[in-house]
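Engineer: got a structure for you, letters missing:
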């Protein structure tokens, strides 16, 4: 295999990234629309919170990610400590996909499965020890189930 220069690696990575974005444009548009709709109309981006009022295993990850971007690593940890392994998985996947140009990465798939499994165990622990408490482990009382129950009670 011919050795690529740094310039060629970057050009290939950018070309592949743009191709991935182009082929996923509708999915990206739907995710953006969902986030805007969730934030502006439903006051939450988490479907579980909107429906049940209960936090999901991933509640706090978005805020933790923004805290990391602001270099507030302690707050990111407090919001959701799994932001670190998830960030590492994303960076490893990007490196494999765009720099090494690998299609399949079974080690990363297994690491993602282990991470998600640990997140669920951590969620149960958090629900038992921190719920209801400070966000993200708080209860959203204007959820769809409560609103539906309230509407049914008004009909009687």
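Structural biologist: Structure's in. What do you need? Everything quoted here is computed from the prediction, not taken from an experiment. Numbers count the residues shown, from 1 in each chain.
Engineer: low-scoring stretches of the protein, by residue?
Structural biologist: Scanning the chain with the threshold set as pLDDT under 70 gives 1, 155-156.
Engineer: repeat that with 50
Structural biologist: Filtered on pLDDT under 50, the chain yields no residues whatsoever.
Engineer: Sketch out the helices for it, chain order is fine.
Structural biologist: In the chain, the helices defined using DSSP state H lie at 6-23, 25-37, 47-52, 61-69, 73-79, 83-94, 106-129, 144-155.
Engineer: contacting residues around the third one?
Structural biologist: Residues from elsewhere that reach helix 47-52 (Cβ atoms under 8 Å, 6 or more residues apart in numbering): 38, 42, 44, 54, 55, 56, 59, 140, 143, 144, 145. C-beta here means a position set from N, CA and C on the backbone, and glycine is covered the same way.
Engineer: If you count neighbours, what's buried in that helix?
Structural biologist: Along helix 47-52, the positions that meet the burial threshold by neighbour count (16 or more other Cβ atoms under 10 Å) are 48, 49, 50, 51, 52.
Engineer: Now do the end-to-end distance for stretch 34-45.
Structural biologist: Using Cα to Cα, to the nearest Å, the end-to-end distance of stretch 34-45 comes to 8 Å.
Engineer: and that stretch, which residues are buried?
Structural biologist: Neighbour count says stretch 34-45 has 38, 42, 44 buried, by 16+ other Cβ under 10 Å.
Engineer: That stretch: how far from the chain's middle?
Structural biologist: Distance of stretch 34-45 from the chain centroid (Cα atoms, centre = their mean, to the nearest Å) equals 15 Å.
Engineer: swap in stretch 26-39?
Structural biologist: Distance of stretch 26-39 from the chain centroid (Cα atoms, centre = their mean) equals 13 Å.
Engineer: Tabulate the helices of the chain in CSV, adding columns for distance to residue 100.
Structural biologist: Converted to CSV, the helices of the chain look like this (distance: least, Cβ to Cβ, whole Å):
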stretch, distance to residue 100
helix 6-23, 10
helix 25-37, 24
helix 47-52, 34
helix 61-69, 24
helix 73-79, 28
helix 83-94, 10
helix 106-129, 11
helix 144-155, 44
